[in-house]
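# How does the following fold in three dimensions:
(chains A and B)
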Amino acid sequence: MSSCLRIIMKNLKFILLIFVTAALFVADVAYGSVKIPLGELFSDNEVYNNIIYNFRLPKALTALITGAAISVAGLIMQTLFRNPLAGPYVLGVSSGASLGVAIFILAGAILPTAFIESGWGLVISATLGAVLVLMMVLAVSFRVRQAVSLLIVGIMFGQLSGSLVTILQNSSDPDSLKLFVVWTFGSLSAVTWNYMWVMLPIVIIGLTIVFAIQKPLNVLLLGENYALGLGVNVVRTRLMIIIAIALLAGATTAFTGPIAFIGMAVPHLVRGLLKTSNHQSTIPGTILVGASLLLLCDIVCQLPANGYTLPINAVSALVGAPIIIWIILRRK
Amino acid sequence: MNILKTENLTIGYGAKAVQRGLNLEAQARDLICLTGTNGSGKSTLLRTLAGLQPALDGKVMIANKDIASLNVHQRSTLFSLVLTDDIDIERLTVRELVAMGRFPYTNWAGSLSKKDDEIIDKALKDVHLSHKADSMINHISDGEKQRAVIAKALTQDTPLVLLDEPTAHLDLPNRIEIMLLLRRLSVSTGKSFILSTHELDLALQMADKIWLMTPSGVEIGMPEDLMLTGSFQSAFGSESFSFDAIDGHCHIHQIKGPMEIAIVVSEGAEAHEAWLRRALIRVGIQVNNTSEKKIHCTPQGYQLEENGKVHTTIEELLKNIFEH
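Numbers count the residues shown, from 1 in each chain, chains lettered A, B, ... in the order given. You can find the predicted model right below:
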């Protein structure tokens, strides 16, 4: 009995986080521009059912999965670069994913549209784009040791990807341009059930890799030389991290578009909340806090009444950007 | 049995060899200090022994195994590292850092067994950090942090520990503390410690053996032997200083001024005389006991013969001398 109690106390924060995440998930489904009375959530009303099952549920699931995925990507990026300011958005990985999609849609006009609409093409191109930028930033990171300098390099790579996308847009035919513009409007609500069955398995693969390498991740915090000294195959671990980041950031960006700052901010909240840097705790913690935070952002997006919603990127930046400033100030 | 043995080892970067044909040995309980001038290849040798960079030629054998033929995991059970790389991790306790030394022995999730916990507790005790086990590593002093890293190396349970300038960036009490700690550990654990250092004084007093790296090769020997053969003088010596033949301390050659002065010592003022001599030499006054100018040195003060004034401090005395 007492040992049972001890286990509960030890994992109290996790249990609370699971409750918070579940509550926010229900709230996100229940709350939206069309008012659905709580009592009608499971009723037979066809209009309500349609809204919930084809719109609200996939959107809330997307918020949950995307929040968890980009936050875990941010966590392992901070370990990989040994830099507290690393994250998929700030280091240009999300922009790289967008560039991948742009090349795929705009330059790949010869491909059948069915392939584009299935979602797999989007995911593959976004993942490859993410890998490309990640490798370039990693190469630069060996020369640039200062945290803020690397941030600037990442922003430059992001800008570079952005301009390449603009150039591609200017020189492509109207049909594929239209397809691409529709994609750029992507938001949490753009993920249909069809897309979900593409996104979910890839995110699960990414998270499985991260769980499998939690032990070497801890030692990588000490730096490459110490990790080697403790018997870590650094090259292989680094490759696994890059693949995991690309899958997590690529699969979600492919459908929702880049989401600002969440990936960078959440790991800091988690380390502060759990008071540890041990990945055994921070990985599950980051999944839960990341999912909760993006669900919360999505709820905030619905706040303006009259069927008008805010873009998710604006809300997530509103939460994430102050956290970055706080971290930079605290490190001085 | 040799814990470490190198056979005709050539170290360096790319095509540029820094040292050639090294045949070095280390036994259990050895505390070996690797010293030499900047650029003589201390770090390069240590990095090569640790397998962090390849040998240009020859072999490094640890516990009779050629490290070039071992994978990183096998190496991690033979030697552990204490490096100069800064460890700056938010929210990591001393205990968690020390526990990382168990990495080669834990399962995929890194869970610690009861035995692991005991080994970690013992290592914390060995470096006198048990009371800081739950402190965050970013909140402890540099000396404590270095001791925590040494404890991490201890929990790795290897016959050999390689340390790259473990006393750099520390203040004097901490430098001595770390050297004493390593000395004590080499005796109590039977491990062999090889460390690079610029601390000649400490190395001379603490090391079983010195590997003295010079541009022309590595001289190996007990500190006492190397001192008596003049190896230190030829490796480090310059016009500016020399090593005292008796106690091994370093004496700086001072500037020579035109003024000469003699010191007359009374009984009980030997220490006063030694420090007075040092002060005079520093300001460019040569001490020559045949000089006509004399200072009478007593435990009560310093009297300048020519005007008879007694000064209680050397500072006042020097002021008087320069006024005339």
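# Write out the residues of the stretch 1-150 of chain A neighbouring chain B.
Proximity of the stretch 1-150 of chain A to chain B, by Cβ under 8 Å from any Cβ of the partner chain, involves residues residue A:84. Quick note: C-beta positions are derived from backbone N, CA and C, even for glycine.
# residue contacts, the residue in the stretch 101-250 of chain A positioned nearest to chain B?
Relative to chain B, the nearest point of the stretch 101-250 of chain A is residue A:231 (3.1 Å; Cβ to the nearest Cβ). Applying Cβ atoms under 8 Å, 6 or more residues apart in numbering or on different chains to residue A:231 gives the contacts B:72-77, B:103-104.
# I'd like the residues you listed written out as a markdown table, with pLDDT and secondary structure added.
As requested, the contacts of residue A:231 are exported to a markdown table (pLDDT from 0 to 100; DSSP: H, G, I helix; E, B strand; the rest coil):
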| residue | pLDDT | secondary structure |
| --- | --- | --- |
| B:72 | 92 | helix |
| B:73 | 94 | helix |
| B:74 | 94 | helix |
| B:75 | 95 | helix |
| B:76 | 95 | helix |
| B:77 | 95 | coil |
| B:103 | 95 | helix |
| B:104 | 95 | helix |
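# Can you narrow these down to the ones near chain A?
Among those, chain A is touched by B:72-77, B:103-104 when using Cβ under 8 Å from any Cβ.
# got JSON lines for the contacts of residue A:231, with neighbour count and distance to residue A:98 too?
As requested, the contacts of residue A:231 are exported to JSON lines (neighbours: other Cβ atoms under 10 Å in any protein chain shown; distance: Cβ to Cβ, whole Å):
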{"residue": "B:72", "neighbour count": "18", "distance to residue A:98": "37"}
{"residue": "B:73", "neighbour count": "13", "distance to residue A:98": "40"}
{"residue": "B:74", "neighbour count": "14", "distance to residue A:98": "44"}
{"residue": "B:75", "neighbour count": "21", "distance to residue A:98": "43"}
{"residue": "B:76", "neighbour count": "24", "distance to residue A:98": "41"}
{"residue": "B:77", "neighbour count": "16", "distance to residue A:98": "46"}
{"residue": "B:103", "neighbour count": "24", "distance to residue A:98": "38"}
{"residue": "B:104", "neighbour count": "20", "distance to residue A:98": "42"}
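# For chain A, which element, helix or strand, carries the lowest mean pLDDT?
Ranked by mean pLDDT, DSSP states H and E, the weakest helix or strand in chain A is helix A:113-118, scoring a mean of 64.
# Tell me which residues of the host helix or strand of residue B:274 come out buried.
Element membership for residue B:274, per DSSP states H and E: helix B:270-282. Neighbour counts over helix B:270-282 (16 or more other Cβ atoms under 10 Å in any protein chain shown) mark B:272-273, B:276-277, B:280-281 as buried.
# hang on, the earlier thing: between all of the ones next to chain A among the contacts of residue A:231, which two are separated the most?
B:74 and B:103 (13.5 Å; Cβ to Cβ).
# The stretch 151-300 of chain B: helices as residue ranges?
In the stretch 151-300 of chain B, the segments counted as helices under DSSP state H, counting those that start in this stretch are B:172-189, B:200-206, B:223-228, B:231-236, B:270-282.
# looking at the ones you listed, which has the lowest confidence?
Mean pLDDT per stretch puts helix B:231-236 lowest among the helices of the stretch 151-300 of chain B, at a mean of 81.
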